[in-house]
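In: give me the fold of what follows.
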Amino acid sequence: MKRTAVNPWDWSLKLGYNQAEIIETPARQLICAGQTSVDAEGNPVHPGDMRGQIGQALDNLEAVLKGAGMGLGDVIRLGIYATDTDEALRNFDLMGMRFGPTGNTPPMTLLGVTGLAIPGLMFEIEATAAT
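Out: The predicted structure is shown next:
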């Protein structure tokens, strides 16, 4: 698979994402459901702790990717939902800590929402990956 970044401006690179990417000849594509801060039984964890919830959601995303024989370096798009975007952005260093070592800066969108599917959840991340 060939990836070509499209960045008419460079401001988004400082935040860890490309404006767009051209994806050529992927062999496999994975569309992940939104991953949140839940345990293996689907019970919410880290109530009231945005940082903990982001970390757990990323752990869960990595587990799904691993189950498909992929990793964070294969992610080609992220959709992120947060009940408090300011608090999410204050903790976005976690995104950089996870994606930075892969050299991957996939396009992403962060949306503020009034609530998520399970009460108490504050952060959800969905991804599309390809190899």
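In: just the strands in this structure please.
Out: With DSSP state E, the ranges of strands along the chain come out as 2-6, 20-24, 29-31, 75-82, 108-112, 123-130.
In: any chance of those in TSV, with distance to Val64 too?
Out: Backbone N, C-alpha and C define where each C-beta goes, glycine included. Formatted as TSV, these follow (distance: least, C-beta to C-beta, whole Å):
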stretch	distance to Val64
strand 2-6	21
strand 20-24	19
strand 29-31	8
strand 75-82	11
strand 108-112	17
strand 123-130	8
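In: figure out which of those is closest to Arg90.
Out: Smallest distance to Arg90 across these (C-beta to C-beta): 10.7 Å, for strand 75-82.
In: and that closest one, how far from the chain's centre?
Out: Once both centres are worked out by C-alpha atoms, centre = their mean, to the nearest Å, strand 75-82 turns out to sit 4 Å from its chain's centre.
In: taking strand 108-112 as reference, get the angle to that strand.
Out: Relative orientation of strand 75-82 versus strand 108-112 (axes from the mean of the first three to the mean of the last three C-alpha atoms, to 10 degrees): 10 degrees.
In: quick one: residues in contact with strand 75-82.
Out: Strand 75-82 has contacts (C-beta atoms under 8 Å, 6 or more residues apart in numbering) with 3, 17, 21, 23, 26, 34, 50, 65, 88, 99, 104, 106-113, 116, 122-130.
In: swap the cut-off to 7 Å and go again
Out: For strand 75-82, contacts defined as C-beta atoms under 7 Å, 6 or more residues apart in numbering pick out 21, 23, 34, 88, 104, 106-113, 116, 122-130.
In: Leu121 and Leu78: what is the separation?
Out: Using C-beta to C-beta, to the nearest Å, we find Leu121 at a distance of 17 Å from Leu78.
In: ignoring the adjacent residues along the chain, who's closest to Leu72?
Out: Excluding its sequence neighbours, the residue lying closest to Leu72 (C-beta to C-beta, 6 or more residues apart in numbering) is Thr102, at 5.0 Å.
In: could you measure from that neighbour over to Phe123?
Out: With distances taken as C-beta to C-beta, Thr102 is found 20 Å from Phe123.
In: and Gly16, how far from Asn104?
Out: Distance from Gly16 to Asn104, by C-beta to C-beta: 9 Å.
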